[in-house]
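> Here is my input, please return the structure:
(2 chains)
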Protein chains: 2
Amino acid sequence: MTETTSSSVRLRPATQADVDTILGLIRGLAEYENLLDRVVATPEKLADTLFGAHPAAEVLLAELDGQVQGFALFFHNYSTFLAQRGLYLEDLFVRPEARGRGVGKALLKALAELAVQRGCGRFEWSVLDWNQSAIDFYQAMGATVMPDWRICRVTGEALTRLGGVA
Amino acid sequence: MTETTSSSVRLRPATQADVDTILGLIRGLAEYENLLDRVVATPEKLADTLFGAHPAAEVLLAELDGQVQGFALFFHNYSTFLAQRGLYLEDLFVRPEARGRGVGKALLKALAELAVQRGCGRFEWSVLDWNQSAIDFYQAMGATVMPDWRICRVTGEALTRLGGVA
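Sure thing, here's the model as predicted:
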């Protein structure tokens, strides 16, 4: 990824020096989703998993007037029907005070461009069904919101039990 | 991954020699979902993306009596709240004639065990909301079906348009 500028929004790949900033944005997103109690990420864990020997995801930061105001964290998924990698956006967040200035749109467009550059067949993410303003925004960007898929999750004790390692 | 046996189900990681078998299973799944026209995967694309220099996903095959009857294709995702990798199951399919013999359960349990071994915080996948028998099965395995997330997708011309590279 290279640095890009869209109007006054400047985008740049995050580095290990940004882990505190990234954690602040993750906590901002969690607060917006009323899920702050679920955040157990620490600067150390982020440094290890995102900037260690085997990075598990990539982060793009968005700055306005030299201040980081938003981020996108993404990784590659895979489509069996296409036999092709995709780009999956795990989190997108723009600080409330910086909204309406094109930060989210700049991040989405940059990731779509990256997906095309990397030969991905799809660019996907998830949205909460009550977040109508986000849904409207995503649809205006060309996204299809798929009505019939539900995400299943096994975590914690249920995961160790299913794996037979409890 | 190592080979494992659960009752009469034998699981083994797929190799490049299995691409025709994998494509047959992908097409079987697509037929079940009434989406066969969406499958553009070929043996060559599968060989390149799954068994080339940079594998984009992993495949576990399930055999009964020496015949491959099911598969699971998976990759790693990432949770920002946990700052930890997860395991994402993209596709699980068991041939109709082999159902009811524990193949799906063996695949799910093996992946849960792998997720724990690899230090993943979550094991996730998606299910169609009309597929009640699958939902019942997954819930019996300890999964939570999350009601409020919807998957957004940009693909084809919408993707090149959003990326500004059309």
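> Every contact and neighbour count from this point should use C-alpha atoms.
Noted.
> and the angle from the helix or strand where A:F71 lies to strand B:67-79?
If you go by DSSP states H and E, A:F71 is part of strand A:67-79. Angle between the axes of strand A:67-79 and strand B:67-79 is 180 degrees (criterion: axes from the mean of the first three to the mean of the last three CA atoms, to 10 degrees).
> in its sheet, what does strand A:67-79 sit against?
strand A:58-64 (antiparallel), strand A:84-94 (antiparallel) (DSSP bridges).
> Same list (those strands) but as a markdown table, adding mean pLDDT and mean neighbour count.
Output for the strands paired with strand A:67-79, formatted as a markdown table (pLDDT from 0 to 100; neighbours: other CA atoms under 10 Å in any protein chain shown):
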| stretch | mean pLDDT | mean neighbour count |
| --- | --- | --- |
| strand A:58-64 | 98 | 21 |
| strand A:84-94 | 97 | 22 |
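> Switch those strands over to JSON lines; also include distance to A:G70.
Converted to JSON lines, the strands paired with strand A:67-79 look like this (distance: least, CA to CA, whole Å):
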{"stretch": "strand A:58-64", "distance to A:G70": "5"}
{"stretch": "strand A:84-94", "distance to A:G70": "4"}
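> Please identify which of those is closest to A:L114.
Across the strands paired with strand A:67-79, A:L114 has its closest neighbour in strand A:84-94 (8.6 Å, CA to CA).
> In contact with A:R38, which residues are there?
Neighbour list for A:R38: A:30, B:81-82 [criterion: CA atoms under 8 Å, 6 or more residues apart in numbering or on different chains].
> separation between it and B:L82?
Here the criterion is CA to CA, to the nearest Å. By it, A:R38 lies 8 Å from B:L82.
> What of A:M146?
26 Å.
> In terms of neighbours, single out the busier of those two.
A direct count of neighbours by other CA atoms under 10 Å in any protein chain shown for A:M146 and B:L82 places B:L82 higher, at 18 against 13.
> Spit out the contact partners of the most centrally placed residue in chain A.
Ranked by distance to the mean C-alpha position of chain A (CA atoms, centre = their mean), the top residue is A:D91 at 2.5 Å. Under the criterion of CA under 8 Å, 6+ apart, the neighbours of A:D91 are A:71-74, A:125, B:80.
> ok, residues contacting stretch A:124-140?
Residues outside stretch A:124-140 that contact it (CA under 8 Å, 6+ apart): A:86-91, A:145, B:148-154.
> For that stretch, buried residues please.
A:124-127, A:135, A:138 (16 or more other CA atoms under 10 Å in any protein chain shown).
> and if you look at stretch A:20-28?
Buried-residue list, stretch A:20-28, by 16+ other CA under 10 Å: A:21-23, A:25-28.
> got it, and stretch A:113-123?
Neighbour counts over stretch A:113-123 (16+ other CA under 10 Å) mark A:113-116, A:120-123 as buried.
> do the same with stretch A:93-102
Using 16+ other CA under 10 Å as the test for burial, stretch A:93-102 gives A:93-95.
> out of the residues you listed, who's nearest chain B?
Set against chain B, the nearest of the buried residues of stretch A:93-102 by CA to the nearest CA is A:F93 (11.8 Å).
> For that closest one, list each beta-bridge partner.
Counting by DSSP bridges, the residues bridging with A:F93 are A:F71.
> can you pull the contacts of it?
A:F93 is in contact with A:25-26, A:28-29, A:70-72, A:104, counting by CA under 8 Å, 6+ apart.
> As CSV, the residues you listed with pLDDT would be great.
Below are the contacts of A:F93 laid out as CSV (pLDDT from 0 to 100):
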residue, pLDDT
A:L25, 98
A:I26, 98
A:G28, 97
A:L29, 95
A:G70, 98
A:F71, 98
A:A72, 98
A:G104, 95
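> follow-up on the earlier one: neighbour-wise, which one of the contacts of A:D91 leads?
Each of the contacts of A:D91 was scored for neighbours by other CA under 10 Å, and A:F71 scores highest at 27 neighbours.
> can you give me the helices in chain A?
Under the criterion DSSP state H, chain A contains helices at A:19-32, A:43-51, A:103-117, A:132-140, A:156-162.
> what's the angle from the first one to helix A:43-51?
This points to helix A:19-32. Between the axes of helix A:19-32 and helix A:43-51, defined by the same axes, to 10 degrees, the angle is 100 degrees.
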